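**Q** Whatever this is, show me its structure:
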Amino acid sequence: MNMLQTKTPHTIIFNDNWEIKRRTSGAYKVANLMHRLGWRTTQIDWVSSWEEHELIEYLDSMVDANTRMFMVSFTWMRHEWFQYFITRVTQRYPGRKVVLGGQQFIQNGYREVDVALYGYAELAVKDTIDWLFNSGGEPKGLARPDSLNGMALLDCNEHYPAMGLPDYAIHYMPDDHIQDFEQLTVELSRGCRFACKYCNYAFLGVKQDTSTTRDLLRQELIENYERWGTTNYIIADDTLNDRDSKLEMLADVVESLPFEPNFASFIRLDLTVSKPHQLELLSRARVWGHFYGVETLHPLAGKAVGKGMHPDKIKQGLLDMREHMMTKLGRYRGTLGMIAGLPHEPAESWQQSEDWLRENWSDNSWEWWPLEISIEENIATVSEFTRDWEKHGYKEITDPQRVERIHQMYNRQRADGESGVQHKMDGKSLYWTADWANIEEATEFVHAWRTSTWYNEEHLIANFHIMNFLQEGKIEKVLKMTDSNQSHFFKHGAQYNKFIKPYIQAKLRDVERIKKFTELGNRLFANQVRGELSTPTDIDLLDSKNHQIPLIQLT
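**A** Numbering: from 1, shown residues only. Prediction:
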């Protein structure tokens with residue numbers, strides 16, 4: 001190794017997932033990008049699960065004079081934990097820049113953070129690095145909202161829209177220590193052709209095809225299989241089946257592989273009803289873990305949010321999909337997302353939907369959430385309900401006693417999951433009421449459902465989570481695993497012992513040589529080992545000519 005490589009600027013990237021432990025993709029995409037920009041990177045995953053003394057031991061070995069920046073993937077983190085964490089890190093290792101990024105609403109200002117990048121940041125990172133280190137001008141659209149106490153915020157989705165990239169692949173490094181049973185993330189395209197009125201995702205109503213190519217997708221899947229033994233994936237696309245051509249491409253790739261992969265993804269069910277040939281494409285592609293954003297089985301509510309197919313057709317579509325997948329693959333997990341509080345749907349309709357699901361769908365799964373209407377103003381990526389909630393019949397609850405009562409029940413920062421919290425920890429939710437229902441009723445319904453004996457004893461594991469259990473035994477056994485099985489996996493240390501402990505132990509073994517050389521006073525060899533751990537090999541380093549992002553020089 002060239003000793004001069006250790007003079008290269010270095011960043012440490014922190015990642016986490018508070019739910020079931022899997023490799024979320026954003027931090028790894030940023031690591032690949034930083035490599036292309038000429039930086040060394042050190043990825044630390046599941047950071048909240050490390051003992052503090054373990055993390056200090058690792059960081060003390062990896063942080064050196066060339067460590068110029070800490071980067072944090074914030075999507076799955078919680079405010080209170082992150083505030084403690086970043087304060088401790090910057091106090092122990094002062095003088096480094098801190099960049100925060102992710103898909104979660106960034107609604108708290110952190111004095112330790114130099115800039116927060118909201119949304120897909122691939123095209124914003126270069127300008128940000130130039131600004132922070134090369135005396136470049138401020139990135140386009142950089143703001144310092146009063147609500148964030150002056151912390152710089154960049155809405156990348158508005159000012160640096162990263163859609164239709166030449167390649168969405170992730171290339172992992174040896175010190176990521178991926179185990180063969182883990183589920184990784186793969187991205188086939190970006191953006192959604194639809195624009196549901198409650199949805200606050202980026203790039204809605206996209207008409208152009210932003211799909212990757214057959215060769216790039218196959219190369220990524222083969223590389224992960226040959227290097228790590230990976231066969232299980234989450235597909236990150238907002239809607240996998242928005243185009244037949246994308247399903248056909250995936251099916252062709254899967255049938256060309258020397259192994260059988262398993263995929264879980266978001267599927268638009270009304271498309272499979274109107275295009276029944278998609279069932280065959282999905283089974284050919286081995287996409288058998290489906291999440292359907294059905295949201296409601298009430299006809300007027302469906303029309304109000306842009307989903308006009310009659311509920312009877314949706315119900316039959318669910319049954320047809322289940323029969324097809326079990327016949328073709330002998331495995332299937334469909335999960336429905338249901339929302340309590342959509343326009344025109346009274347509270348009694350929620351229970352009617354629940355009754356139908358328990359009677360007809362209990363061999364699969366579904367989740368309820370109360371309708372959230374964010375009133376965030378610092379970002380452009382908001383739903384139509386956020387932009388004009390009054391037009392849709394919602395009114396704000398202003399009575400202070402009622403507001404406090406609802407807040408105690410519907411606190412978006414709660415970690416117990418009983419308030420319907422999703423990963424986007426929105427602390428600026430509208431406490432709404434309408435002619436048909438209100439947020440108090442919706443939250444009470446979800447709370448009662450999620451804490452019921454039935455849910456905790458009989459409800460089956462969801463489609464994205466089931467991929468983590470495929471190594472537990474025959475598929476027939478896995479398909480019968482309940483949320484109580486999963487809770488046991490969480491609460492009694494099995495998840496930590498299976499996923500996290502081996503990872504931490506491997507990372508600590510990585511730095512043993514650094515510690516030994518440091519103790520001997522041999523800084524040169526200690527730096528060489530740091531460079532080996534944080535510099536990609538030829539197979540790790542992406543070919544920059546395929547990515548249209550030039551290298552930069554750090555001054």
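**Q** Next one: residue 173 relative to residue 348, how far apart?
**A** Distance of residue 173 to residue 348, given as C-beta to C-beta, to the nearest Å: 54 Å. Backbone N, C-alpha and C define where each C-beta goes, glycine included.
**Q** What strand or helix carries residue 55?
**A** helix 52-62 (DSSP states H and E).
**Q** Any buried residues in that helix, and which?
**A** 55, 57, 58, 59, 61, 62 (16 or more other C-beta atoms under 10 Å).
**Q** Neighbour count: residue 173 and residue 348, which is higher?
**A** residue 173 (23 against 8; other C-beta atoms under 10 Å).
**Q** Would you confirm that that one contacts residue 510?
**A** No: counting by C-beta atoms under 8 Å, residue 173 does not reach residue 510; the two are 10.9 Å apart.
**Q** helices or strands next to the helix holding residue 55 in the packing?
**A** Here helix 52-62 touches strand 40-44, helix 79-92, helix 501-510, helix 512-519, helix 523-534, going by 3 or more C-beta pairs under 8 Å, 6 or more residues apart in numbering; DSSP states H and E.
**Q** how about the strands in this protein?
**A** 10-14, 40-44, 67-73, 97-102, 115-118, 152-155, 183-186, 232-235, 262-267, 287-295, 333-340, 365-370, 395-396, 432-433 (DSSP state E).
**Q** now these in a markdown table, with mean neighbour count and mean pLDDT?
**A** Shown next, in a markdown table, are the strands of the chain (neighbours: other C-beta atoms under 10 Å; pLDDT from 0 to 100):
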| stretch | mean neighbour count | mean pLDDT |
| --- | --- | --- |
| strand 10-14 | 24 | 97 |
| strand 40-44 | 24 | 96 |
| strand 67-73 | 23 | 97 |
| strand 97-102 | 23 | 96 |
| strand 115-118 | 24 | 96 |
| strand 152-155 | 23 | 96 |
| strand 183-186 | 22 | 96 |
| strand 232-235 | 22 | 97 |
| strand 262-267 | 23 | 97 |
| strand 287-295 | 25 | 96 |
| strand 333-340 | 23 | 97 |
| strand 365-370 | 21 | 94 |
| strand 395-396 | 14 | 96 |
| strand 432-433 | 24 | 95 |
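**Q** Out of the ones you listed, which is closest to residue 485?
**A** Set against residue 485 and scored by C-beta to C-beta, the strands of the chain come closest in strand 365-370, at 12.6 Å.
**Q** helices or strands up against that closest one?
**A** Using 3+ C-beta pairs under 8 Å, 6+ apart: strand 365-370 touches strand 333-340, helix 347-360, helix 439-450.
**Q** Now with 6 Å, please.
**A** Packing partners of strand 365-370 (3 or more C-beta pairs under 6 Å, 6 or more residues apart in numbering; DSSP states H and E): strand 333-340, helix 439-450.
**Q** If you count neighbours, what's buried in the helix or strand of the chain with the lowest mean pLDDT?
**A** Ranked by mean pLDDT, DSSP states H and E, the weakest helix or strand in the chain is helix 483-491, scoring a mean of 74. Buried residues in helix 483-491, counted by 16+ other C-beta under 10 Å: 483, 486, 489.
**Q** Same list, those, but as JSON lines with distance to residue 283 please.
**A** Shown next, in JSON lines, are those (distance: C-beta to C-beta, whole Å):
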{"residue": "483", "distance to residue 283": "26"}
{"residue": "486", "distance to residue 283": "26"}
{"residue": "489", "distance to residue 283": "28"}
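**Q** How much space separates residue 168 from residue 28?
**A** 11 Å.
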